[in-house]
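1. here is my input, please return the structure:
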Amino acid sequence: MDPTAFYHLGRSIMASTLTPDPASCRTAIGRAYYAALNRADEALNRWGASCGRGPQKHGLAVRFLHATSDPDLISASGDLNDLKTLRNMADYDMNAMIVEKPSQARRALDLAKNILDGIEAVENDAARRTTAEANVRAYRRRTNTP
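-> Take a look at the predicted model:
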């Protein structure tokens, strides 16, 4: 499955009504996060870094994106971390009213789009991809990350 389908689902949820309800906003945030996380994981696997399948996947994806030293992917790393924070609130904190606002769901989708676009730009530029791969592999060796 293409993880960007989650992004498009999140966009559809937000476009389905004039005023999305709290559950729709929370769901769109979650879909935005998982689109970005899983797309990053796919790319990082191709570049020689496995984020694993458990809870470590979240932190490793952020660290590996940053380790590429590519400006777009360093930005994506921060955006993914911000998205994780929003997703955690949306999924686990029913008192966090901020994630029930359409503006926050749209912000999450915008962050995801930036991440997806950054990864795509590197994937489509052989020189940038080669540098990202080399930097990820060097980071893995330096940190003894499996």
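2. rest of the way, CA atoms for contacts and neighbours
-> Noted.
3. who's in contact with Glu123?
-> Contacts for Glu123 (Cα atoms under 8 Å, 6 or more residues apart in numbering) come out as 43, 129.
4. quick one, phi/psi of the residue in the chain sticking out farthest from the centre?
-> Distance from the C-alpha centroid of the chain peaks at Leu18, with 26.3 Å (Cα atoms, centre = their mean). Backbone torsions of Leu18, given as degrees, to the nearest 10, read phi -70, psi -40.
5. ok, now Lys101?
-> The phi/psi pair for Lys101 (degrees, to the nearest 10) reads phi -90, psi 130.
6. how close does it sit to Asp93?
-> Using Cα to Cα, to the nearest Å, we find Lys101 at a distance of 14 Å from Asp93.
7. and those two? which has more neighbours close in?
-> Lys101 (18 against 12; other Cα atoms under 10 Å).
8. I figured the more buried one was touching Ser24, is that so?
-> No - contact criterion Cα atoms under 8 Å: Lys101 and Ser24 do not qualify, at 9.5 Å.
9. chain center to the biggest helix by length in the chain: distance?
-> Taking DSSP state H as the criterion, the chain has its longest helix at helix 22-46. Centroid separation for helix 22-46 versus its chain: 5 Å, with Cα atoms, centre = their mean, to the nearest Å.
10. likewise for stretch 116-123?
-> With Cα atoms, centre = their mean as the basis, the mean position of stretch 116-123 lies at 12 Å from the chain mean.
11. pLDDT averaged over it - what is it?
-> In this model, stretch 116-123 carries a mean pLDDT of 98.
12. and that stretch, which residues are buried?
-> 116-120, 122-123 (16 or more other Cα atoms under 10 Å).
13. return the distance of the one residue sitting closest to the centre of the chain relative to Ala138.
-> With distances taken as Cα atoms, centre = their mean, Ala36 lies nearest the centre of the chain, 2.8 Å away. Going from Ala36 to Ala138 by Cα to Cα gives 24 Å.
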